[in-house]
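A.B. asks: this one's sequence-less:
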């Protein structure tokens, strides 16, 4: 095998091995303006047969985010678009005492995962996320995502 083929094989194996703790993870990126109040982000879970693990909301942000937390409205719907749950979740972004960014990051961008106190209903086939900060444009938010862990894995603190 050539070096390029070995490098490609190693890259594929690395990507496959990093998938052990989750059954689903997806992010939705925003443009440079940030997360607009009119942006509803929809995550399709129809491919998941069994949702039994813990769920996490992920926020990828920059130091330009002007608040210490972010309120996110979470809506879970079944295959008939019937709302199973509709709640507002408070995700801490910066430490309220020191002002330092929470989560892990590189450069000016950070990602924080916040564990939801409840599991997704087994009938949930889509998750909708809306920013609930009452700002037309929420600058500093680069992406929003969800992650569903395998039942045997406990959420990690990021």
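C.D. replies: Received, thanks. Because the structure is predicted, anything quoted here is derived from the model rather than measured. Residues are numbered from 1 along each chain as shown.

A.B. asks: which residues in the protein form strands?
C.D. replies: Ranges of strands in the chain, per DSSP state E, are 22-29, 35-36, 40-44, 55-62, 69-77, 83-92, 104-106, 109-115, 126-131, 137-138, 141-149.

A.B. asks: redo those as CSV? Include mean pLDDT, distance to residue 98 and mean neighbour count.
C.D. replies: To be clear about C-beta, it is placed using only N, CA and C from the backbone, and glycine gets the same treatment. Converted to CSV, the strands of the chain look like this (pLDDT from 0 to 100; distance: least, CB to CB, whole Å; neighbours: other CB atoms under 10 Å):
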stretch, mean pLDDT, distance to residue 98, mean neighbour count
strand 22-29, 88, 27, 16
strand 35-36, 92, 25, 22
strand 40-44, 94, 30, 15
strand 55-62, 92, 17, 22
strand 69-77, 94, 14, 19
strand 83-92, 92, 12, 13
strand 104-106, 89, 15, 11
strand 109-115, 93, 14, 20
strand 126-131, 94, 25, 19
strand 137-138, 92, 22, 20
strand 141-149, 91, 21, 21
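
A.B. asks: the closest residue to residue 85 other than its chain neighbours pairs with what?
C.D. replies: Closest residue in space to residue 85, ignoring its immediate chain neighbours: residue 76 at 4.5 Å, by CB to CB, 6 or more residues apart in numbering. Beta-bridge partners recorded for residue 76 (DSSP bridges): residue 85, residue 127.

A.B. asks: distance of residue 76 relative to residue 142?
C.D. replies: Per CB to CB, to the nearest Å, residue 76 is found 24 Å from residue 142.
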